[in-house]
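Participant: model this:
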Amino acid sequence: PMRRHTSVGTEHDDENGDVVTRLVPIDNGMCLPDYRHLEDTTFCWMSWSQSREPLDRVSLAIIDEMDSWADAAMLREELGEQAISEEALMSLHIGTAILRKGAAGGLSLHDIGSLIVRDDIDEPSRVEALITECWDIVGQDASARVFMGMFCDKFE
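Facilitator: Next comes the predicted model:
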């Protein structure tokens, strides 16, 4: 029997009859949840003291180079079109935009996470409220790029 943590262990016999163990990472929607359902978002690292420290130049450079559109295309190509939902990819775009804008604005990772995580379980986070506001402005039929343009304009 395999122990289960954040990955699933699988065992099978190869062509020689040897047992082969392989870890298959799973996410269960925790990494890229549907952007419309962020109410349960938590980041365990927000309690770490280093999350409150300023980002260094190397980290800022890496963050500045992030391209959620290229990442989404790679995920679709590697996993297949049906393997990842458009709603999950929207979470990727939103999260990348928040990280890039927050880091460029001098926020720590803790500060950035605090924009996403609810302070009060019954009240939307700042990001949840902004998502609703932007969809109300652009309309539910708008493309992801139109929505993200509005989101980035509104996110300060």
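
Participant: in stretch 108-123, what counts as buried?
Facilitator: Buried residues in stretch 108-123, counting neighbours by 16 or more other CB atoms under 10 Å, are found at 108-110, 112-118. All C-beta spots, glycine's among them, are computed from the backbone N, C-alpha and C.

Participant: could you list the low-pLDDT ranges of the chain?
Facilitator: With pLDDT under 70 as the threshold, the chain has low-confidence stretches at 1-14, 20-30.

Participant: that one: strands as residue ranges?
Facilitator: Counting by DSSP state E, the chain forms strands over residues 7-13, 19-25, given from the N-terminal end onward.

Participant: that older thread, redo the buried residues of stretch 108-123 as a markdown table? Include distance to Ser59.
Facilitator: Compiled in a markdown table, the buried residues of stretch 108-123 are given as follows (distance: CB to CB, whole Å):
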| residue | distance to Ser59 |
| --- | --- |
| Ser108 | 11 |
| Leu109 | 9 |
| His110 | 14 |
| Ile112 | 12 |
| Gly113 | 15 |
| Ser114 | 18 |
| Leu115 | 18 |
| Ile116 | 18 |
| Val117 | 20 |
| Arg118 | 26 |
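
Participant: can you flag which of those residues belong to helices?
Facilitator: 109-110, 112-116 (DSSP state H).

Participant: which of the residues you listed sits closest to Met66?
Facilitator: Among those, Ile112 lies closest to Met66 (CB to CB), at 13.0 Å.

Participant: what is Val19 paired to in the beta sheet?
Facilitator: Val19 has the following beta-bridge partners by DSSP bridges: Asp13.

Participant: contacts only, for the nearest residue to Ala72 once chain neighbours are set aside.
Facilitator: Counting by CB to CB, 6 or more residues apart in numbering, the nearest residue to Ala72 once its immediate chain neighbours are dropped is Leu89, at 4.6 Å. Residues counted as contacts of Leu89 (CB atoms under 8 Å, 6 or more residues apart in numbering) are 32, 72, 75-76, 144.

Participant: out of the residues you listed, who's nearest Asp122?
Facilitator: When the contacts of Leu89 are ranked by distance to Asp122 (CB to CB), Leu32 comes first, at 24.6 Å.
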